[in-house]
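*Asks:* this is the structure alone, sequence omitted:
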């Protein structure tokens, strides 16, 4: 069975600093991987996804993620965070039936 | 992107009553919708997969008689929490999947259920 691990429950970062959120997965086949952001009062928004091809994926809001098969990782990065990036971030893997399994989430706090 | 709405956004009810939550895809048709439950500070847990015109498929451990799902049209799925109890208090989120081989799930804003 697939699983997704987000080792960091909470991250605090200064505005303008870089951000990296870790995600490790366990899946038997080539995974479909996703990063979502959840802000209070809003639905989950897809930041980016990886299905195949280039292992460095560009997403919205200046985010990117790199798929590393050898490390079973799909870490999310942003070079310079904005106060509006404060939110909960979820990594997810999709199984062959189209079901998403989410990691526990990482809460990002942005300080001035 | 596609828009999914949920109604109500927040509901408080007495123990023993039933509550219906609606999930609508506003600008696309969704053959498949999903219902998730999210506890505070925790991840989303898939409860069931709802397919238009057929019975929902429930995940292991989810009581189908407790959480009734109806997907009567390509734009509407409903989740009814029957005889709600305080332990059913949670954040319920739906998603609707677009068509095609790489169908994407678009999520509703969620419904906060509090059972007194």
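*Replies:* Yes, it's here. These numbers come from a predicted model, not from an experiment. Residues are numbered from 1 along each chain as shown, chains lettered A, B, ... in the order given.

*Asks:* I figured residue A:111 hits residue A:13, correct?
*Replies:* Yes: Residue A:111 lies in contact with residue A:13 (CB atoms under 8 Å); the separation is 7.3 Å. The way it works is simple: take the backbone N, C-alpha and C, and place the C-beta from them, glycine included.

*Asks:* now residue A:42: how far from chain B?
*Replies:* To chain B, residue A:42 is 6 Å away according to CB to the nearest CB, to the nearest Å.

*Asks:* look up the closest residue to that residue, ignoring the ones flanking it.
*Replies:* residue B:109 (5.7 Å; CB to CB, 6 or more residues apart in numbering or on different chains).

*Asks:* between residue A:111 and residue A:13, tell me which one has more neighbours.
*Replies:* residue A:13 (17 against 11; other CB atoms under 10 Å in any protein chain shown).

*Asks:* quick one: buried residues of the host helix or strand of that one?
*Replies:* Using DSSP states H and E, the element containing residue A:13 is strand A:10-14. Neighbour counts over strand A:10-14 (16 or more other CB atoms under 10 Å in any protein chain shown) mark A:11, A:13 as buried.

*Asks:* what does stretch A:83-100 give?
*Replies:* Buried residues in stretch A:83-100 (16+ other CB under 10 Å): A:85-94, A:99-100.

*Asks:* out of those residues, which touch chain B?
*Replies:* A:90, A:99-100 (CB under 8 Å from any CB of the partner chain).

*Asks:* what residues are bridge-paired with the residue in chain B that chain A sits nearest to?
*Replies:* As assessed by CB to the nearest CB, chain A sits closest to residue B:107 within chain B, at 3.9 Å. Counting by DSSP bridges, residue B:107 forms beta bridges with residue B:95.
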